[in-house]
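*Asks:* take this sequence and fold it.
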Amino acid sequence: MSSMSNSEFPPVRKAVIPVAGLGTRFLPATKATPKEMLPVVDKPAIQYVVEEAVAAGLTDVLMVTGRNKRPLEDHFDRVDGLEAALQAKGDQEKLQLIRESSELADIHFVRQGDPLGLGHAVLKGEQHVGEEPFAVLLGDDLIDERSPVLPDMIAGYDRTGGSVIALMEVPHESISMYGCAAVQETEVDGLVRVTDLVEKPDPADAPSNLAVIGRYVLSPEIFPLLHRTEPGRGDEIQLTDALKAQARGDGHGVYGVLFTGERYDTGDKFSYIKAVIQLASRRDDLGEELRTWLKEFVAGLED
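*Replies:* Predicted coordinates:
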């Protein structure tokens, strides 16, 4: 699906990344460090997410943070002392690595205050975003850079002016772990129209096996809907509820792009460990050695 550059709708330029979660599943590691700063191999998880936004042309990034956000700000800032020490040692390679994170994008921070859900976090971006479409990227889903989904989502917005969500086929029995979308085909290949959203349905009642994953391109129509959204599950303002209202309403609607690429889940301990191993085993500098060791290690387990 190619984007039409002469779209009648304003371009998508900004990304909002909610990072206020407490990360309780990773205690005690997250007692003093945001979970988004936990390393996946040798980069904090959040850097993969920012790099994905930048690769899709979104270089204006707003992070919606919580109380222990200092490490996030520091990571994306210059570190003069460290840079000078590496420069003195002539270690250009490491110097380049730390400069990459501070030169990636134009990054802003706003505090969420009360952690009242994803919808509330998105509302905190309203002043920064203004009357423009914008992307929302959740940090628990790392999308493999070889199979990006944001460019297709932005192209979907350019065509329709509606909000676009990323959908992934999951086994029928595990749909109850996700938000689920009821969809209709459109005349555009790879783009479906979303008619309804159901949060964590019983598999017997699920309208499809299409799960909502943590990437959204939202039209500015979402803000008035979020303002009107009553607190739902967990007494939080749910983005899903506002999207459901948009899908059923008379604006530009909600669409879905089917994601078929590789995604790494860093949301719980087991998935996080798998993500580290999968990403490391793909790398030129580590992959061969790791794959060899893994085979030996697994063979040893079977004995």
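
*Asks:* distance between stretch 65-75 and the chain's centre?
*Replies:* Stretch 65-75 sits 17 Å away from the centroid of its parent chain (CA atoms, centre = their mean, to the nearest Å).

*Asks:* what does it rub up against?
*Replies:* Among residues not part of stretch 65-75, those counted as contacts by CB atoms under 8 Å, 6 or more residues apart in numbering are 19-22, 32-34, 36-37, 44, 46-47, 63, 101, 109-112, 115. Just so you know, the C-beta spots here come from the backbone N, C-alpha and C atoms, and that holds for glycine as well.

*Asks:* buried stuff in that stretch?
*Replies:* Under the neighbour-count criterion of 16 or more other CB atoms under 10 Å, stretch 65-75 has 65, 66, 68, 69, 72, 75 buried.

*Asks:* also stretch 180-193?
*Replies:* With burial defined by 16+ other CB under 10 Å, the residues of stretch 180-193 counted as buried are 180, 181, 182, 183, 191, 192, 193.

*Asks:* mind checking the end-to-end distance for that stretch?
*Replies:* 13 Å (CA to CA, to the nearest Å).

*Asks:* ok, the residue nearest to residue 114 when sequence neighbours are not counted - contacts?
*Replies:* Of all residues beyond its chain neighbours, the one nearest residue 114 is residue 120 (7.4 Å), with distances taken as CB to CB, 6 or more residues apart in numbering. Under the criterion of CB under 8 Å, 6+ apart, the contact list for residue 120 reads 112, 114, 236, 237.

*Asks:* now the helix or strand containing residue 120: mean pLDDT?
*Replies:* Using DSSP states H and E, the secondary-structure element containing residue 120 is helix 118-123. Confidence over helix 118-123 (mean pLDDT, whole number) is 95.

*Asks:* please compute how far that helix lies from its chain's middle.
*Replies:* The chain centroid and the centroid of helix 118-123 are separated by 14 Å, computed with CA atoms, centre = their mean.

*Asks:* just stretch 182-195 next, same as before
*Replies:* Averaging C-alpha positions (CA atoms, centre = their mean) puts stretch 182-195 22 Å from its chain's average.

*Asks:* now swap in stretch 224-234 and tell me
*Replies:* On the basis of CA atoms, centre = their mean, stretch 224-234 is displaced by 21 Å from the centre of the chain it belongs to.

*Asks:* so which bits of the lowest-mean-pLDDT helix or strand in the chain are buried?
*Replies:* Least confident helix or strand of the chain, by mean pLDDT, DSSP states H and E, is helix 92-103 with a mean of 86. Of the residues in helix 92-103, those buried under the neighbour-count criterion (16+ other CB under 10 Å) are 95, 101.

*Asks:* which strands and helices sit next to it?
*Replies:* helix 80-89 (3 or more CB pairs under 8 Å, 6 or more residues apart in numbering; DSSP states H and E).

*Asks:* dump the helix it packs on to CSV, restricted to CA.
*Replies:* Once side chains and other backbone atoms are set aside, the C-alpha atoms of helix 80-89 remain, and they are given as CSV (Å, rounded to 0.1, in the frame of the first residue of the first chain):
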residue,chain,number,x,y,z
ASP,A,80,29.8,15.3,28.1
GLY,A,81,32.1,13.6,30.5
LEU,A,82,31.6,10.1,29.0
GLU,A,83,32.0,11.5,25.5
ALA,A,84,35.2,13.3,26.4
ALA,A,85,36.6,10.1,28.1
LEU,A,86,35.9,8.0,25.0
GLN,A,87,37.3,10.7,22.7
ALA,A,88,40.5,10.8,24.8
LYS,A,89,40.8,7.0,24.5
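
*Asks:* do you know the pLDDT at the nearest residue to residue 106 once chain neighbours are set aside?
*Replies:* Using CB to CB, 6+ apart and skipping the chain neighbours, the partner closest in space to residue 106 is residue 60 (5.2 Å). Turning to residue 60, the model gives it a pLDDT of 95.
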